[in-house]
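Participant: Just a sequence and a predicted model for now, questions to come.
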Amino acid sequence: MWIDRYWQRAPARRRRRRRPAKRQQRQQAQLLSASVGAAAALWLVGAAVSWLAAHWWVLVVLAILGVLAGVGLVQRRQQRAAWADARRRGLRYALDRLDESHHRDFEYAVRDLMRRDGCTDARQVGGAGDNGADVLATDPLGRRWVMQCKHRRAGADGMAVGTPDLQRLNGTARPLHRADVVVLVTNGRFSSKCPPLAGQLSIALVDRQTLATWAAGARPLWELLPTVPPPPGRPTLRP
């Protein structure tokens with residue numbers, strides 16, 4: 001039929017292609033906008049520079065305000081540091097408060113007392129995988145302290161700290177933590193076998209009485225111990 005022949009002869013429609021001229025016009029418009037923006041920015045900068053050159057005193061005022069703000073910031077930081085230092089130096093703990101505390105809080109109390117004594121880097125490290133150390137600190141003479149804390153809720157009436165605790169501390173304090181001073185501190189008591197073994201292992205014992213003196217006063221711990229390993233080239237310190 002003629003309709004079939006018409007459809008057979010009718011050419012397929014072609015898709016219109018965008019004219020390159022429109023794309024070029026759009027690109028030119030974008031370039032013009034960018035050029036106008038850059039020119040406006042340069043004009044603003046030039047106008048600002050000219051204005052500041054004519055009003056130079058504004059720069060002087062801004063500089064003075066900046067200096068005053070910096071001085072005020074430094075003074076506030078120094079004041080906060082002084083307040084923190086005063087609070088730290090005035091730190092005191094009563095034994096009954098230490099007895100009632102959690103064993104982790106007891107470790108933090110020992111850390112804070114070491115900070116009070118001038119060990120600014122003292123930190124609590126007790127917990128899983130602590131390798132026998134609860135508090136690490138460096139005293140003002142450069143000695144590294146490794147401290148194990150044994151808290152007893154019942155105080156002196158609680159279970160005595162025994163020699164196994166000393167042996168565990170001795171096995172890790174120097175090989176793993178590179179300790180110069182090794183301390184075992186408790187708010188309770190030590191068994192009768194601990195002092196002789198501690199002397200052999202060069203481990204300082206801080207019992208309840210020594211802890212009470214240390215926590216309630218302003219003397220650093222190394223002034224309360226019978227002997228303290230000296231820094232290199234210095235004699236042994238004694239109270």
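Facilitator: Nice, thanks for sending it over. Numbering: from 1, shown residues only.
Participant: Over stretch 159-175, what's the mean pLDDT, rounded is fine.
Facilitator: Stretch 159-175 shows an average pLDDT of 94 in the prediction.
Participant: Could you pull out the helices in the chain for me?
Facilitator: Listed in chain order, the helices of the chain (DSSP state H) span 2-9, 20-54, 57-89, 95-100, 103-116, 163-173, 194-201, 208-216.
Participant: Compute the inter-axis angle for the fifth one and helix 208-216.
Facilitator: In this case it means helix 103-116. 60 degrees (axes from the mean of the first three to the mean of the last three CA atoms, to 10 degrees).
Participant: so what does helix 103-116 touch, helix or strand wise?
Facilitator: helix 57-89, strand 123-124, strand 135-138, strand 144-150, helix 208-216 (3 or more CB pairs under 8 Å, 6 or more residues apart in numbering; DSSP states H and E). The C-beta positions use only the backbone N, C-alpha and C, and glycine is treated the same way.
Participant: Including distance to W43, mean pLDDT and mean neighbour count, could the ones you listed go into TSV?
Facilitator: TSV is the format used below for those (distance: least, CB to CB, whole Å; pLDDT from 0 to 100; neighbours: other CB atoms under 10 Å):
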stretch	distance to W43	mean pLDDT	mean neighbour count
helix 57-89	20	68	10
strand 123-124	58	94	18
strand 135-138	60	96	22
strand 144-150	64	95	24
helix 208-216	71	94	17
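Participant: hang on, the earlier thing: could you dump the helices of the chain into CSV with distance to L141 added?
Facilitator: Listed next are those as CSV, based on distance: least, CB to CB, whole Å:
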stretch, distance to L141
helix 2-9, 105
helix 20-54, 56
helix 57-89, 18
helix 95-100, 27
helix 103-116, 13
helix 163-173, 18
helix 194-201, 22
helix 208-216, 18
